[in-house]
Each structure stands twice: as C-alpha cells, then as structure tokens.
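S.K.: Here is my input; please provide its structure:
(one chain, ligands or ions: 1)
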Amino acid sequence: MEVTIESALAEHSPIGVPRADLEELDAAVRSAAERIATGREQDEHGYAALNLPDETDPEPIEAAVESVTPAENWLTIGIGGSALGAATITEALDGDGATYSLDNVDPAAIEALLADIDLSETAMNVVSRSGRTAETLANFLVVREAMETAGVEWTERTVVTTGESGPLATLADRHDLPTLTVPEGVPGRFSALSAVGLAAAAFQGLDLEAILAGGRQAEASLADSLFESPAYAYGATMYALEARGANVAAMMPYAESLEAFAEWFAQLWAESLGKDGRGQTPARALGATDQHSQLQLYRAGPKDKVVTLVRPRERPSVPIPETDQDAIDYLGGSDLRALIDAEFDATEASLRKAGVPAIRIEIDALDPAGIGELLYTMEAACIMAGELAGVDTFTQPAVEWGKDTARALLRGEQTLETVDGLSVRTGPESQ
Ligand SMILES: O=P(O)(O)OC[C@H]1O[C@](O)(CO)[C@@H](O)[C@@H]1O
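M.R.: Modelled structure (predicted):
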C-alpha cells in the first residue's frame, strides 16, 4: 500500500503544505506516535483499536455465524460504526450469500426490504456497542416480529454483537442467543477489524485471517515518522492541510466496490475529528463517476478542499472492442482497466493543475489483505490527525443531545415546544 502526498505540497497548491513545514511537523508526529504506542501498550480506550489485528480471533465469529446458518441472507441491524465496517468489507470483497444492512429507520425502506427478503432464509446480526441505540433496537423488534409472523424461530436466526452489559446484552442472555462481544476500549467507528465488522464477512465465507493479516501489514508499517509511515503521512498531511484551509475532505475511491468505504471514512473522520470548532467535512465521491458531477467544483470552486484518490493496482481486464469510428478509435482495442487508470491519473493531474491538494492511496489489490490494510491505515491516520489536533478522537459527545431529545419526544415527555431553546411547532396541529 502506498500513500503519495506529493500533490498536496505547496509547490502544487496555494493551500498545499510546504516541505519545510512537513519536516517540522515530523517532530510532532514522532511524539504523537510515541503517545499512540503507549496507548496501545496499555490498551487505553481508543488506542486499543490498533491492537485488533493481533487480538481478534476469527474462530468465535465463525462459530457464532455457523450457529444461525445455513441461510441465503445475512441482515446486519446496526448503525454508524456498528454497520459501516461490515458493509465496507462485504461490498469490497466478493463473498457468497447476500448481505443487507438495516442502518436507518425509514419505514418505507424497511417495508420494502421485508417484502423482498425471504425471512426463512435470513439470519440477523443485531450490532450495538452501547446496546441502547434506538434505531437498532426498533429495527430488531420490527424484524423479530416479522420473523415470528413468517413462522421463523428468530432465536435460531439471531446473533447479537454488543458490549459486556446493556439492554441488548440482557436480551441476548434472556434468550440464550449466540453473542459476540464488542472489544473493550474500541469505539464503534474503529471496530471494523473486530467481530463488529467481520461477522458478515464470515457469513460470506471470506477469509477473516487474511483480512486481519492485512491489518497487521499496515500495523507493521507504523513508524515514528511521517516519511516512513503511510498512515502517519496521511494523518499528518490532512492535519496540516486543514490548518491551511482545506476544510473539506473529499474521499474519491476509483472502484465501485469501495463506495461503502467512502461512507465508512466519512464517519471515522467526522465523528473523530469534528470537535472544538474544528474538523474537516468529509465528502463522498466515486471515481470516475463524480468527475462528471463534482470535479467542476473541486477544481473551480473555493480552494477549501483536499481530494483523496484511492485505487487498487490490480484490476480485472475488460477489453473495449475495436471500432471503425475515427472519433472514438482511441478506445477500441484498449480496456476499461486502462481507461479508469488514465482517468485516475488525469484527475490527480487536473487537481494539481488547478492548485487543489490531492493525496493518492494505492492498495495492491481489492482482496481481503488489501481491505484489512486500507481500514487499519485510515484508522491509524485518523488517530494521528487527532493527536496532532489535540482533540479527543475517541468520543462523540455532540451526538447525545439529539438522541436524548428524540427519546423524550417519543416518550411524550417533551414536545418541540418544550425543548429548551426550540420554537418549532410540532404535534397533530402542525400536520
Ligand atoms: O454501536 P452503538 O452503541 O449502537 O452506536 C452506533 C453509533 O452511534 C454513535 O454512538 C453515534 O451516535 C456512533 O459513534 C456509533 O458508531
């Protein structure tokens, strides 16, 4: 895996990072790397996530999945970090069986899914670190009832993944359900390389050990200098770019199967670094598709963005047939792999030409090791950026107020009129 920051430097962009600043920043990276290493040694909250490739045991995950299968479908019921890691891995890799994510509470979407899916052929994984997330618990209750209505014994089809305690752990106990534990000290958005992200992959028969080995490969490339560590090069450069005005972090993978990865990255970057009035706003894009929608803005809009371009080096070849039309004969005889790689290179060059910082990330292949390496590298990069910014990377206090208010509204303890500082009308008369 390679991270190339050349196009993010000052010689290519007015908001790029001067090389001299990188040299200087490297001193801060060195002490931050030591801090991270200490946090890992002591299994401290958050830092412990970087120990997962060594600590996650595939066997109990595979055993739990086996206990509720065979089945044609795997339904992950979870939200945020409790769904995005699993979706990223199964979308990136070509496993067997169908996987679905219920990570929202849109009644129309859930009605459509339940009408579509054969529940007698479905196993579900209810995933919640806290065990008390309203959306996840509500979806579980809805699917459980649908299973009962369909005459499916839900206790034989349900794996719970949660923390040591909480409503979901209690429920799993009461019904003696196969249970996987969210590792202590690992925030949801950093849990992809644990049972949280790996159960759906196990259902698809994917090689969990190879995914974890990819994580270990990235772990082995951590070093106390940004010039020697791809992860820290990315984290430190993103931090330096934010200080120079790059407030938008566009993540643009050039592979359809990495679209979920861009969503996973958005939570990781926003929820970890969006604190104390700072933080880059993630923007999800897809290459080459969004060259035809967002690139205009990236190149000719405000100089407030850094674009990360991701590609696998190995790709299948799909030949483009010869054509006798002169205007398009440059395509004939070539192949889609060459085309998308030319688009990738041309987009990086076009961003550079427009003075927009870009970082290139290249993984060897979109295989289990490649996705394990990519996930781990971005997690370590995020932790480095958080250390340099001096923010608490591992908490998300700003999300709690809205959750509490939603619960109070649902319980009827509050209306929007009574919620502090809110003057929006609600209730039957507003419809
Ligand atoms: O796994 P849980 O506790 O259900 O939380 C789901 C998600 O909700 C958040 O707590 C934010 O509300 C995320 O950090 C987390 O990934």
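S.K.: need the residues of the protein near the ligand, please.
M.R.: By C-beta under 6 Å from any ligand atom, the part of the chain that sits against the ligand consists of 79-82, 128-130, 133, 136, 188-189, 271, 396, 399. Yep, even glycine has a C-beta here, placed from its N, CA and C like the rest.
S.K.: try 8 Å
M.R.: Contact residues (C-beta under 8 Å from any ligand atom) of the chain with the ligand: 78-82, 84, 127-133, 136, 162-163, 182, 187-189, 196, 267, 271, 396, 399-400, 403.
S.K.: Restrict those residues to the buried ones and give me that as a PyMOL selection.
M.R.: To isolate the buried members of the residues of the chain next to the ligand in PyMOL, using 16 or more other C-beta atoms under 10 Å:
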select buried, resi 78+79+80+81+82+84+127+128+129+130+131+133+136+162+163+182+187+188+189+196+267+271+396
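S.K.: Of the residues of the chain next to the ligand, which belong to helices?
M.R.: Using DSSP state H, the members of the residues of the chain next to the ligand that fall in helices are 84, 136, 196, 267, 271, 400, 403.
S.K.: Identify the residue nearest the residue of the stretch 151-300 of the chain found nearest the ligand in space, chain neighbours excluded?
M.R.: Proximity of the stretch 151-300 of the chain to the ligand (C-beta to the nearest ligand atom) peaks at residue 188, 2.9 Å away. Leaving out its chain neighbours, the residue that sits closest to residue 188 by C-beta to C-beta, 6 or more residues apart in numbering is residue 81, at 2.6 Å.
S.K.: Now do the same contact list for that neighbour.
M.R.: By C-beta atoms under 8 Å, 6 or more residues apart in numbering, the contact list for residue 81 reads 129, 187-192, 196, 267.
S.K.: Show me the shaky parts of this protein.
M.R.: Of all residues in the chain, those with pLDDT under 70 make up the ranges 420-431.
S.K.: What are the boundaries of the strands in it?
M.R.: Under the criterion DSSP state E, the chain contains strands at 2-4, 73-77, 98-102, 122-128, 158-162, 179-181, 248-253, 281-284, 305-312, 358-363.
S.K.: Among these, which comes closest to residue 113?
M.R.: In terms of C-beta to C-beta, the element of those nearest to residue 113 is strand 98-102, at 6.6 Å.
S.K.: Any chance you could list what contacts that closest one?
M.R.: The contact list for strand 98-102, computed with C-beta under 8 Å, 6+ apart, reads 72-78, 83, 86-87, 90, 110, 113, 117, 139, 143, 200, 203-204.
S.K.: quick one: residue 20 from the ligand, how far?
M.R.: Going from residue 20 to the ligand by C-beta to the nearest ligand atom, to the nearest Å gives 37 Å.
S.K.: from the contacts of residue 81, which single one is nearest residue 252?
M.R.: residue 267 (16.8 Å).
S.K.: give the contact list for the residue found closest to that closest one once you drop the neighbours it is linked to in the chain.
M.R.: Nearest non-adjacent residue to residue 267, counting by C-beta to C-beta, 6+ apart: residue 189, 5.1 Å away. Counting by C-beta under 8 Å, 6+ apart, residue 189 makes contact with 80-81, 84, 264, 267-268, 271-272.
S.K.: same thing but 10 Å
M.R.: Going by C-beta atoms under 10 Å, 6 or more residues apart in numbering, residue 189 touches 49, 80-82, 84-85, 129, 196, 264-272, 379, 382, 393-394, 396.
S.K.: now do residue 133
M.R.: With C-beta under 10 Å, 6+ apart, residue 133 has these contacts: 78-80, 82, 127, 139, 166-168, 188, 403.
S.K.: didn't residue 263 look like it was pressed against residue 84?
M.R.: Yes. Using C-beta atoms under 10 Å, residue 263 is in contact with residue 84, at 5.9 Å.
S.K.: Enumerate every residue touching the most centrally placed residue in the chain.
M.R.: Residue closest to the average C-alpha location in the chain (C-alpha atoms, centre = their mean): residue 264, at 1.6 Å. Residue 264 is in contact with 80-81, 83-89, 91-92, 189, 192, 197, 251, 258, 284, 374-375, 378, counting by C-beta under 10 Å, 6+ apart.
S.K.: Helices of the stretch 251-400 of the chain, start to end?
M.R.: Here the stretch 251-400 of the chain has its helices, by DSSP state H, counting those that start in this stretch, at 259-273, 295-300, 336-353, 368-389, 400-411.
S.K.: winner for burial among the ones you listed?
M.R.: Most buried of the helices of the stretch 251-400 of the chain by mean neighbour count (mean count of other C-beta atoms under 10 Å) is helix 368-389; its value is a mean of 26.
S.K.: what about dumping the CA coordinates of that one to CSV?
M.R.: Extracted in CSV, the C-alpha atoms of helix 368-389 (Å, rounded to 0.1, in the frame of the first residue of the first chain):
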residue,chain,number,x,y,z
PRO,A,368,-9.0,-9.5,2.0
ALA,A,369,-5.5,-8.3,2.8
GLY,A,370,-5.9,-5.1,0.8
ILE,A,371,-9.1,-4.1,2.6
GLY,A,372,-7.7,-5.0,6.0
GLU,A,373,-4.7,-2.9,5.3
LEU,A,374,-6.7,0.1,4.0
LEU,A,375,-9.1,0.1,7.0
TYR,A,376,-6.2,-0.1,9.5
THR,A,377,-4.2,2.6,7.8
MET,A,378,-7.1,5.0,7.8
GLU,A,379,-7.8,4.3,11.5
ALA,A,380,-4.2,5.0,12.4
ALA,A,381,-4.1,8.1,10.2
CYS,A,382,-7.2,9.4,12.0
ILE,A,383,-5.7,8.8,15.4
MET,A,384,-2.5,10.6,14.3
ALA,A,385,-4.5,13.6,13.0
GLY,A,386,-6.4,13.7,16.3
GLU,A,387,-3.2,13.6,18.3
LEU,A,388,-1.8,16.5,16.3
ALA,A,389,-5.0,18.5,16.6
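S.K.: one step back: where do the contact lists of residue 263 and residue 84 overlap?
M.R.: Shared contacts of residue 263 and residue 84 (C-beta under 10 Å, 6+ apart): residue 103.
S.K.: Domain map for this structure?
M.R.: Annotated domains of the chain cover 2-37+212-389, 50-208 [automatic domain parsing].
S.K.: So how do I select the buried members of the contacts of strand 98-102 in ChimeraX?
M.R.: To isolate the buried subset of the contacts of strand 98-102 in ChimeraX, counting by 16+ other C-beta under 10 Å, use the following:
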select :73,74,75,76,77,78,83,86,87,90,110,113,117,139,143,200,203,204
